[in-house]
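Asks: This is a predicted model, with the sequence first.
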Amino acid sequence: MKTVYSPLHAGHAGQMELVTSAIVPGFEKPSRAEFIRARVESEKLGPIIGPVEHDLAAAKRVHSADYIDFLPTVWPRWTAEGHKGSAMAFTWPTRGLRGDVPPQRIDGLLGYYSFDAGATFVEGTWAAIKSSYEVALTAAELVKAGEPAAFALCRPPGHHAGAAFMGGYCFINNAAVAAQWFLDQGARRVSILDVDYHHGNGTQEIFYGRGDVQVINLHGDPMTEYPFFLGHADEHGIGEGEGFNLNYPMPFGTDWDGWNASLEDACAKLAAYAPDVVVVSLGVDTFEKDPISQFKLTSADYPKIGRRIARLGLPTLFVMEGGYAVEEIGINAVGVLTGFED
Ligand code: Q9C
Ligand code: ZN
């Protein structure tokens with residue numbers, strides 16, 4: 001299959017991250033995408049192409065226009081205020097505060113448009129966000145044009161970003177954008193299968209009231225794992241979306257057998273929904289050596305994931321999400337893709 005990749009991701013570099021009372025270099029770093037690209041080449045997965053330029057209209061189909069228009073202003077406003085270092089949120093409108101009045105200064109706006117401090121900006125961040133979005137749309141266009149599958153090597157990732165907020169290394173929800181784009185191009189139903197270790201809270205929020213996108217998440221139980229405040233098994237959608245959101249929270253230490261039992265159930269529900277296309281939010285932070293995660297999948301397990309998804313027999317768009325064991329991230333991510341093609 002073809003891979004879509006942009007070198008502009010590399011400008012989103014050197015951003016800092018809050019981890020248990022220290023500010024450290026971010027886990028979501030450029031080498032992640034470079035290891036994956038190198039593995040795509042060495043495994044001869046297929047051609048690597050650049051993204052086609054797109055305006056932001058498709059982003060505004062799943063995000064609020066004010067949120068999308070805010071993103072390119074963050075770094076200029078942060079530096080205009082005289083701030084140095086990563087632009088990072090630190091105050092949020094939680095219960096008991098006003099969440100309906102956007103403040104004027106960038107320090108406040110960062111909190112207004114986020115749910116955590118985990119989506120930080122440096123100078124090249126907006127260009128990387130935009131390129132990641134274009135990578136997803138370009139890969140979606142390949143699938144729409146008849147390719148059985150395509151790989152959007154997105155960086156930064158997207159699944160924690162909701163309709164009007166960033167967080168968890170995510171800004172534009174690339175998988176949600178692609179799913180909506182397929183619908184706008186005539187698909188009747190789309191399934192999003194999110195296999196990243198973390199619950200895709202943004203994707204769930206965006207489609208929670210809709211019956212035309214089935215959202216399935218396999219992830220660390222939010223009782224003990226980030227993002228903590230969404231992803232429980234009793235969240236099955238609302239109104240027209242009732243029954244079209246499915247969560248499979250799993251405990252720390254989950255290995256292939258436990259994880260695969262969830263995958264099998266998820267694939268049965270996905271097949272019953274009979275979508276026209278599947279968007280896979282492909283995170284490989286389920287890996288046993290991932291530095292911020294607690295599942296126990298091995299490199300030998302990833303091709304099995306790809307083979308199972310292939311058995312659905314549906315056009316499939318793979319959208320890169322998380323995975324922080326950089327030495328093995330290429331082996332694991334491309335392992336899913338080569339497994340799919342077996
Ligand atoms: N000590 C994705 O995988 N931080 N995002 C967790 C780390 C946030 C992960 C705490 C993790 C976000 C796309
Ligand atoms: Zn993740």
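Replies: Received, thanks. Numbering: from 1, shown residues only. Ligands and ions are numbered 1, 2, ... in the order given.
Asks: all strands in the stretch 151-300 of the chain, in order from the N-terminus.
Replies: 190-194, 213-220, 245-250, 277-282 (DSSP state E, counting those that start in this stretch).
Asks: now for the first one, which elements pack on it?
Replies: Strand 190-194 is packed against helix 174-184, helix 201-207, strand 213-220, helix 256-273, strand 277-282, with contacts defined by 3 or more Cβ pairs under 8 Å, 6 or more residues apart in numbering; DSSP states H and E. To be clear about C-beta, it is placed using only N, CA and C from the backbone, and glycine gets the same treatment.
Asks: Export those as CSV, with columns for mean pLDDT, mean neighbour count and distance to ligand 1.
Replies: Converted to CSV, the helices and strands packed on strand 190-194 look like this (pLDDT from 0 to 100; neighbours: other Cβ atoms under 10 Å; distance: least, Cβ to the nearest ligand atom, whole Å):
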stretch, mean pLDDT, mean neighbour count, distance to ligand 1
helix 174-184, 99, 27, 11
helix 201-207, 99, 27, 10
strand 213-220, 99, 28, 10
helix 256-273, 98, 16, 16
strand 277-282, 99, 28, 9
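Asks: Quick check: which of the strands of the stretch 151-300 of the chain is nearest to ligand 2?
Replies: strand 213-220 (8.1 Å; Cβ to the ion).
Asks: and that closest one with strand 277-282, angle?
Replies: Our comparison of strand 213-220 with strand 277-282, counting by axes from the mean of the first three to the mean of the last three Cα atoms, to 10 degrees, yields an angle of 20 degrees.
Asks: List the neighbouring strands of strand 213-220 plus their orientation.
Replies: strand 190-194 (parallel), strand 245-250 (parallel) (DSSP bridges).
Asks: looking at those strands, which is closest to ligand 1?
Replies: strand 190-194 (10.1 Å; Cβ to the nearest ligand atom).
Asks: So which bits of the stretch 51-200 of the chain are right by ligand 2?
Replies: 196-198 (Cβ under 5 Å from the ion).
Asks: now, which of the residues you listed sits nearest residue 339?
Replies: Nearest to residue 339 among those: residue 196, at 17.0 Å, using Cβ to Cβ.
Asks: which residue does the stretch 1-150 of the chain bring closest to ligand 2?
Replies: residue 28 (9.3 Å).
Asks: ok now do the residue in the chain that ligand 2 sits nearest to, which residues does it touch?
Replies: Residue of the chain nearest ligand 2, by Cβ to the ion: residue 322 (2.8 Å). Neighbouring residues of residue 322 by Cβ atoms under 8 Å, 6 or more residues apart in numbering: 28, 157, 169, 196-198, 283-285.
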